[in-house]
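Trainee: quick one, what's the 3D model for this:
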Amino acid sequence: MKKIGQILGVLALVLFSFYYTEKVVSIFREKDPIMKAIREKESEYQQEAVDAKLIKNHVIPGARGKKVDVLESYKKMKNYGKYKESLFVFQEIEPTVSLDDYYDRYIESGNGLNSGVALVFRVERFSNINPILSILEARGEKATFFADGLWIENNQQLVQTMTTFGHEVEVLYYNGSYDENYFKSAIAILESITAKKKNYCYAEYDQKEVLDLCGKMGIHTVIPTLQVKAKPYIEIKKKVSAGSIISMKVDAILEEELDMVIRYLNQKGFYLTNLDDLLSEK
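Mentor: Numbers count the residues shown, from 1 in each chain. Okay, here's the model as predicted:
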C-alpha cells in the first residue's frame with residue numbers, strides 16, 4: 001500500500017507540474033503583443049451562424065458562422081515573427097437548424113445573404129443544350145441542368161464534360177415520369193458519370209410524389225423562385241432578387257435571350273452560380 005501511495009503521489013506531482021507549466025505559458029502568451037493584437041481583433045471576425053428557416057412546407061437555407069481559432073492564429077503569426085491579419089485561422093460554427101435536417105420540405109431560394117443567383121435549365125429528352133453551353137462558356141458562368149433520364153443516358157460524355165467545366169447535372173424525371181425504379185436508375189447512371197452524389201430534385205409546384213420519392217433518398221426537392229414561361233429577359237428583370245433560383249426551359253427563345261439575361265444580371269451586381277453553391281450553408 002505504501003508503494004502504491006508513493007506512485008500516486010508522484011503521478012499527482014507530475015500532473016500538477018504539467019498544469020502549472022501550462023498555466024505559466026498561457027499567462028506569458030496572453031502578454032505577448034501578437035496575442036494582444038489577436039484578442040483586439042477577435043470580435044470583429046466573429047460571425048454568428050444563421051439557422052435554416054421553416055415556412056409551412058418550405059425551408060430556406062441557413063449559413064455557418066465563424067470564429068477566430070486564437071491559438072492556431074497565434075502559432076502561425078509567432079512562426080511568421082509578427083502580427084499579420086492574413087494569417088488568422090478560423091473555426092466554423094454550425095447552425096442549430098440545418099437544411100440537411102429537412103428533406104420533407106421544398107427549397108424555393110437561397111438565403112439571400114449574398115448577391116448570388118442560380119440559373120437552372122430544364123433539359124427534355126430531345127433538347128440541344130450546346131448553344132446554351134457555348135453562351136455560358138463565353139461568359140465564364142456555371143449553371144445547373146435538370147435533365148431527363150433518357151437524355152442523360154444518351155449524352156454521357158457531354159455530361160462528363162459539363163461537370164468538368166463546373167456545371168451541375170441533376171435528374172429532372174425519366175422520360176417524363178417519376179417511376180421510382182427508372183428514376184433511381186437515372187440517378188445511379190449520373191452518379192457513376194460524375195462521381196458525385198446527386199443533391200436535388202425539381203418540382204414546378206407542390207408535387208408530393210416528387211417530394212416523397214426524393215426525400216426518402218436523402219435528396220432535396222427544389223421549386224424555383226422564378227419559373228420563366230415565355231420571355232426570359234423581361235420576366236427575370238421584373239422579379240429577380242438575391243438568392244433567386246431561376247428556371248428556364250431549353251428552347252430557341254432561351255438561345256436568343258440568355259446572353260442578354262446574363263449581361264443584365266452581371267450589371268445589377270448579381271453573381272451566377274449553380275444550386276450546390278447557392279444553397280450551401282458554408
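
Trainee: and the helices in this structure?
Mentor: 2-31, 33-45, 70-80, 130-139, 149-154, 156-164, 180-194, 208-215, 232-239, 252-267, 275-278 (DSSP state H).

Trainee: the third one vs helix 33-45, what angle?
Mentor: So that's helix 70-80. On the basis of axes from the mean of the first three to the mean of the last three CA atoms, to 10 degrees, helix 70-80 is oriented at 130 degrees to helix 33-45.

Trainee: check which helices and strands helix 70-80 sits against.
Mentor: With contacts defined as 3 or more CB pairs under 8 Å, 6 or more residues apart in numbering; DSSP states H and E, the packing partners of helix 70-80 are helix 33-45. For the C-beta atoms, the positions are set from N, CA and C on the backbone; glycine is no exception.

Trainee: can you list contacts of the helix it packs on?
Mentor: 29-30, 66-68, 70, 73-74, 77-78, 82-83, 85, 88, 90 (CB atoms under 8 Å, 6 or more residues apart in numbering).

Trainee: coming back round to it: quick one: closest of the helices of the chain to Ser109.
Mentor: helix 275-278 (8.4 Å; CB to CB).

Trainee: can I get the closest one in PDB, CA atoms only?
Mentor: Only the C-alpha atoms of helix 275-278 are listed here, as PDB (Å, rounded to 0.1, in the frame of the first residue of the first chain):
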ATOM      1  CA  LEU A 275     -27.500  25.300 -57.000                       C
ATOM      2  CA  ASP A 276     -25.000  23.500 -54.800                       C
ATOM      3  CA  ASP A 277     -23.100  26.700 -54.200                       C
ATOM      4  CA  LEU A 278     -26.200  28.900 -53.800                       C
END
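
Trainee: ok, and what's touching that helix?
Mentor: So helix 275-278 is contacted by 110, 116-118, 120, 144, 168, 170, 199-200, 222, 243, 245 (CB under 8 Å, 6+ apart).

Trainee: cool, stretch 81-96 as well?
Mentor: Applying CB under 8 Å, 6+ apart, the contact partners of stretch 81-96 are 33-34, 37-38, 41, 45, 47-52, 62-69, 72-73, 76-77, 80, 281-282.

Trainee: from these, list the buried ones, please.
Mentor: The neighbour count (16 or more other CB atoms under 10 Å) marks 34, 37-38, 49-52, 62-68, 73, 76-77, 281 as buried among the contacts of stretch 81-96.

Trainee: and the pLDDT for Met217?
Mentor: According to the prediction, Met217 has pLDDT 93.

Trainee: now do the buried residues in stretch 82-102.
Mentor: Buried residues in stretch 82-102, counted by 16+ other CB under 10 Å: Tyr83, Leu87, Phe88, Ile93, Pro95, Ser98, Leu99, Tyr102.

Trainee: show me what the fourth one bridges to in the sheet.
Mentor: Note on Ile93: beta-bridge partners Gly65, judged by DSSP bridges.

Trainee: tell me the domain ranges of the chain?
Mentor: 2-101, 106-278 (automatic domain parsing).

Trainee: worst mean pLDDT among those?
Mentor: Among these, domain 2-101 scores lowest, at a mean of 80.

Trainee: got a markdown table for the contacts of helix 275-278, with neighbour count too?
Mentor: Formatted as a markdown table, the contacts of helix 275-278 follow (neighbours: other CB atoms under 10 Å):
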| residue | neighbour count |
| --- | --- |
| Gly110 | 24 |
| Gly116 | 20 |
| Val117 | 25 |
| Ala118 | 26 |
| Val120 | 25 |
| Thr144 | 24 |
| Glu168 | 23 |
| Glu170 | 25 |
| Asn199 | 17 |
| Tyr200 | 21 |
| Val222 | 26 |
| Gly243 | 22 |
| Ile245 | 24 |
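
Trainee: so which of the domains of the chain has the densest surroundings on average?
Mentor: Across the domains of the chain, the average number of neighbours (mean count of other CB atoms under 10 Å) peaks for domain 106-278, which reaches a mean of 18.
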